[in-house]
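Trainee: Starting from these lines, generate the structure:
(2 chains, ligands or ions: 2)
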Amino acid sequence: MNPPPSAEPAPLGLAPEGTVHVHHEHHEIGFIRKYIFSTDHKVIGMQFMFTGLIFLVLGGLLAMAIRWQLAFPWQEMPVIGRLLFPETGRVVSPEYYTMLFTMHGTVMIFFVIIPLLTGAFGNFLIPLMIGAPDMAFPKLNMMGYWAMLPAIFFLMLGFGAEGGGPAAGWTAYPPLSTITSAAPGSASAQTYWLLALTWVGVSSMMGAVNYVTTIAKMRAPGMTLYRMPLSIWGLGVAAILQLFALPVLTAAGFMQLFDRVLHTGFFTPTNLVVNNVGVDYAVANPETATAAGGHPLLWQHLFWFYSHPAVYIMVVPAMGFASDIIAVHARKPIFGYKPMVYSIAGIAGLGFIVWGHHMFTSGMNPTVGMVFMVSTIMIALPSAIKVFNWLGTLWGARIRFTTPMLYALAFVSMFIIGGLSGIWMAATPVDVYIHDTYIVVAHFHYVVFAGSVFAILAAIYHWFPKMFGRMMNETLGKIHFFGTFIFTNGVFYMMHQLGIAGLMRRTADPYSYEIYAHLQPLNEAISYCAFALFAWQIFFVINFFHSLFWGRRVGRNPWQATTLEWQAPSPPGHGNFDHQLEVHRGPYEYSGPEVEEDYLPQTRKL
Amino acid sequence: MSDAIATYDPAVDAPRAHHPVYDYDSGPPVERGKFAIWLFLATEVMFFTGLIGAYVILRSGTAAWPNPENRLAVFLTAINTFVLIISSWTMVRALFAAQRGDRGGILMWLGLTIFFGSAFVSVQVYEYFELVKHGSLPNVDIFWSTFYIMTGFHGSHVVVGVIWLVCAWFKALRGGYSERNYLGIELAGLYWHFVDLVWVLLFTIVYLF
Ligand code: HEM
Ligand SMILES: [Cu+2]
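Mentor: Ligands and ions are numbered 1, 2, ... in the order given. Predicted structure coming up:
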């Protein structure tokens, strides 16, 4: 499976292993300072990357357990069933199932995608692409990573807490999430969940302040805003979104926390009865009673005010990476650079006024629903501009079908599917029927998994040589890509059919309803694809670690790219560049007439 | 692939052995620290917007909102508000002193700011004690829920501000500021004014209306 590096053809004409000795310019700093308590943006980026990838495995395992239950409800889970739930006779219990999807969503969004996009690549790419030696505040940057540790700690406490872990969904709707007696998972586990999220928020906040300051203040001479690569636009806009949206979630999270521990009543309606017991101050024991007069809907508004922008936080940087990667490997300038920038900004701006599309069936005023419907459908405009510009870039290009390019192309095509289902769901009458069905699950996995995660994989394959000075193996990469692509669609495409049939999400045993019983075979097929998808990632793991140590050694610019990061040594040392770079042109000068080669670096003076 | 890409060539690809100097600033003409603190304050604005927004929604959805005069020590808090406003003024004086490089002035004005800030917190803690003694706990009704969360988060911001100012005071004592280097005091001041501003807002909507 894994031939020694020297045995394969050298498609890119790279130097074989071991021909050069890298001269290190570092002053000697100890291992701990260099790799653990590092203030270097590149090392912090790696820390985020490895943390994110480990959590990707955890989140994936949770998904496998979900798929097991949906394919083979109430059957003994082989091998690990005995370890995980001896007390239920090795089968997933309904409470455990609820925990599974809650934690799957939480881990994937808050511990994988956001840390990988903004934490790992935001850190690694921003200073390198704008020609800066480091972030504006290296210590703050380090603290941003270390704030993830309490988050991880509380997340793990949640797994082990009484009641089997948080179980209110990643959206944590009250009163299930606020009344501690509502369900087993609503006990202390939910409190840990809230604390974990708060710490993730602290980490993101520190990162976002740093990224925006760095992009504003530390661009190299000549690097005007409209000469910045689209990755930087994406990361910068995502950071601004975080600055303005995340604090609202933090405030809402504290309200929920207080509802739980101080029994305030922000989200508790008057006269609420839970498990046949009134919880109101008027009727219950004053010590543990809850204030009444709140609104469960208030949480939904506050939560989605953050979480809809958050879905764009998860896609806007991915769009930037895809743009950069497509330009490099298509050897063409990005078609319509400025419209690309404006549409990123447009998506971000509109993203603040569409949150209600998650609440069409919540009992919200229907007129308000109309407004949210219109604003949501408007997002199609900037999204379509981006898609057409990617297609325009590819039009007539001499495409190099490298692994990163394949992933970037897959990102574009999968984003189209996810975007289309999004617009379709945004029509209120449609959503009333399909809300909380597998259509929604299909939609957001097309945009988040086949979109953001594919873009992250593209970015790893593309920037790996810059990070570690070595190429990833192309053959293994292509094997990884084709399997991942096929199985991803195998899993998520068929979910549209489940949704049309009405199958609701977040149900441990849908087949106990007669009308859904016939969907079990389709679910079984999906689960086989899901298991294959998970197993297939072994090719990535092998490739990643093999290349890390034995990959082909490369120079500064193996892809013949134009942007600044490729002017630095691979991997860049402390301080990144040899000297202060000067920028003379935009980021996408490919196949132009001015020079003999088909690329003209941003730094080259003509 | 015909587009052969440069092989690793130590002459070009190896890192150079000297340290690059970066002395270029691309951004708006404010210091990095000040730029960042404005961003941070933007997040704080959004945080309190979340709390105040929730308050407005909850209050407008409640048929008979209690009259704050019957529940809160409005007059005492009005005096306390005045104390906090005074502390903003002393903070400005501290910055002026710093800009003149007047160490004694910094110590005095910062000290006064710390004093007024601590006085504000003390009065609020006293108010909390009195309320708790009379059974006005956050779980009694939505009025108290919103009261405690808003004043509580504001109070904790004041505490953070006081700690920050105390650190600045000790730095000033060691002669850490000069005519050209007073950014630390300016940043603490921006935060302090923000916290005061939020209080004026909170006092108005929670105590007066
Ligand atoms: C073309 C733009 C998009 C539109 C019009 C759109 C529209 C929608 C609508 C209407 C829903 C609510 C469905 C329901 O619950 O009934 C939804 C859910 C969702 N969308 Fe999108 N979407 C778009 C893009 C994205 C992107 C780019 C992402 C993430 C990267 C995303 C992530 C999600 C998630 C996670 C949910 C489900 C949340 C939940 O209930 O758990 N969407 N989308
Ligand atoms: Cu949304």
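Trainee: When you work out contacts or count neighbours from here on, use the C-alpha atoms and nothing else.
Mentor: Fine.
Trainee: Which residue ranges make up each domain of chain A?
Mentor: A:41-262+A:295-567, A:263-294 (automatic domain parsing).
Trainee: got the contact list for whichever residue of chain A sits closest to chain B?
Mentor: Taking CA to the nearest CA, chain B has its nearest neighbour within chain A at residue A:217, 4.0 Å off. Applying CA atoms under 8 Å, 6 or more residues apart in numbering or on different chains, we find residue A:217 in contact with B:25-28, B:32.
Trainee: Now do stretch A:434-441: distance from first to last residue.
Mentor: Stretch A:434-441 has its terminal residues 10 Å apart, counting by CA to CA, to the nearest Å.
Trainee: So for it, what gets flagged as buried?
Mentor: Residues A:434-441 are the ones in stretch A:434-441 that count as buried (16 or more other CA atoms under 10 Å in any protein chain shown).
Trainee: Name the member of the contacts of residue A:217 with the most neighbours.
Mentor: residue B:32 (20 neighbours; other CA atoms under 10 Å in any protein chain shown).
Trainee: Hmm, residue A:136 and that one touching each other?
Mentor: Yes. The pair residue B:32 and residue A:136 passes the contact test of CA atoms under 8 Å, sitting 7.3 Å apart.
Trainee: shared neighbours, these two?
Mentor: Joint contacts of residue B:32 and residue A:136 (CA under 8 Å, 6+ apart) are residue A:213.
Trainee: in chain B, what residue is nearest chain A?
Mentor: For chain B, CA to the nearest CA, closest residue to chain A: residue B:27, 4.0 Å.
Trainee: Correct me if wrong, but that residue is in a helix.
Mentor: No. Using DSSP: H, G, I helix; E, B strand; the rest coil, the secondary structure at residue B:27 is coil, not a helix.
Trainee: what's it sitting at in phi/psi?
Mentor: Residue B:27 adopts backbone torsions of phi -90, psi -170, taken as degrees, to the nearest 10.
Trainee: Does it touch residue A:212 like I think?
Mentor: No. Using CA under 8 Å, residue B:27 makes no contact with residue A:212, being 10.6 Å away.
Trainee: least trustworthy helix or strand in chain B by mean pLDDT?
Mentor: Between all helices and strands in chain B, the lowest mean by mean pLDDT, DSSP states H and E belongs to helix B:10-13, at a mean of 78.
Trainee: for it, which positions count as buried?
Mentor: Buried, per 16+ other CA under 10 Å, within helix B:10-13: residue B:13.
Trainee: what do you get for stretch A:346-358?
Mentor: Here stretch A:346-358 shows A:346-348, A:350-358 as buried, counting by 16+ other CA under 10 Å.
Trainee: what does stretch A:528-543 give?
Mentor: Buried residues in stretch A:528-543 (16+ other CA under 10 Å): A:528-534, A:536-537, A:539-540, A:543.
Trainee: Please enumerate residues in contact with it?
Mentor: A:60, A:64, A:67, A:472-473, A:476-477, A:479-480, A:483-484, A:487-488, A:490-491.
Trainee: Need the buried ones from these selected in ChimeraX.
Mentor: Those of the contacts of stretch A:528-543 that count as buried under 16+ other CA under 10 Å are selected in ChimeraX with:
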select /A:60,64,67,472,473,476,477,480,483,484,487,488,490,491
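Trainee: Going by distance to residue A:588, which of the contacts of stretch A:528-543 wins?
Mentor: Nearest to residue A:588, judged by CA to CA, of the contacts of stretch A:528-543 is residue A:472 at 23.9 Å.
Trainee: mind listing what the closest one touches?
Mentor: A:461, A:464-465, A:543-544, A:547-548, A:551-552.
Trainee: Let's have the buried residues of stretch A:528-543 in TSV, adding pLDDT.
Mentor: TSV is the format used below for those (pLDDT from 0 to 100):
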residue	pLDDT
A:528	97
A:529	97
A:530	97
A:531	97
A:532	98
A:533	98
A:534	97
A:536	98
A:537	97
A:539	98
A:540	98
A:543	97
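Trainee: so which of those residues comes closest to ligand 1?
Mentor: Minimum distance to ligand 1 across the buried residues of stretch A:528-543 is 18.7 Å, recorded for residue A:530 (CA to the nearest ligand atom).
Trainee: part of a helix, is the closest one?
Mentor: Yes. Counting by three-state DSSP, residue A:530 falls inside a helix.
Trainee: could you pull out the helices for the stretch 1-150 of chain A?
Mentor: For the stretch 1-150 of chain A, the helices defined by DSSP state H, counting those that start in this stretch occupy A:31, A:41-71, A:80-84, A:94-106, A:114, A:123-130, A:138-146, A:148-160.
Trainee: Pick out the shakiest of those helices, pLDDT-wise.
Mentor: Among those, helix A:80-84 carries the lowest mean pLDDT, at a mean of 70.
Trainee: quick one on the thing from earlier: which members of the contacts of stretch A:528-543 occur in helices, if any?
Mentor: If you go by DSSP state H, those have A:60, A:64, A:67, A:476-477, A:479-480, A:483-484, A:487-488, A:490-491 in helices.
Trainee: residue contacts, residue A:598?
Mentor: Applying CA under 8 Å, 6+ apart, the residues near residue A:598 are A:331, A:590-592.
Trainee: repeat that with 7 Å
Mentor: By CA atoms under 7 Å, 6 or more residues apart in numbering or on different chains, the contact set of residue A:598 is A:590-592.
Trainee: Can you turn the buried part of the residues you listed into a ChimeraX selection?
Mentor: To isolate the buried ones among the contacts of residue A:598 in ChimeraX, judged by 16+ other CA under 10 Å, type:
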select /A:590,591
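Trainee: Format the contacts of residue A:598 as TSV; extra columns: distance to residue A:407, pLDDT and secondary structure.
Mentor: Formatted as TSV, the contacts of residue A:598 follow (distance: CA to CA, whole Å; pLDDT from 0 to 100; DSSP: H, G, I helix; E, B strand; the rest coil):
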residue	distance to residue A:407	pLDDT	secondary structure
A:590	21	95	strand
A:591	23	93	coil
A:592	26	92	coil
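Trainee: Closest to residue A:233 out of the contacts of residue A:598?
Mentor: Distances from residue A:233 to these, taken by CA to CA, are shortest for residue A:590, at 19.7 Å.
Trainee: Skipping its backbone neighbours, what lies nearest the closest one in space?
Mentor: residue A:599 (4.4 Å; CA to CA, 6 or more residues apart in numbering or on different chains).
Trainee: ok, now how distant is the one you found from residue A:395?
Mentor: From residue A:599 to residue A:395 the distance is 18 Å (CA to CA).
Trainee: Between these two, which is the more surrounded one?
Mentor: Legend: neighbour count by other CA under 10 Å for residue A:599 and residue A:395, higher for residue A:599 (21 against 13).
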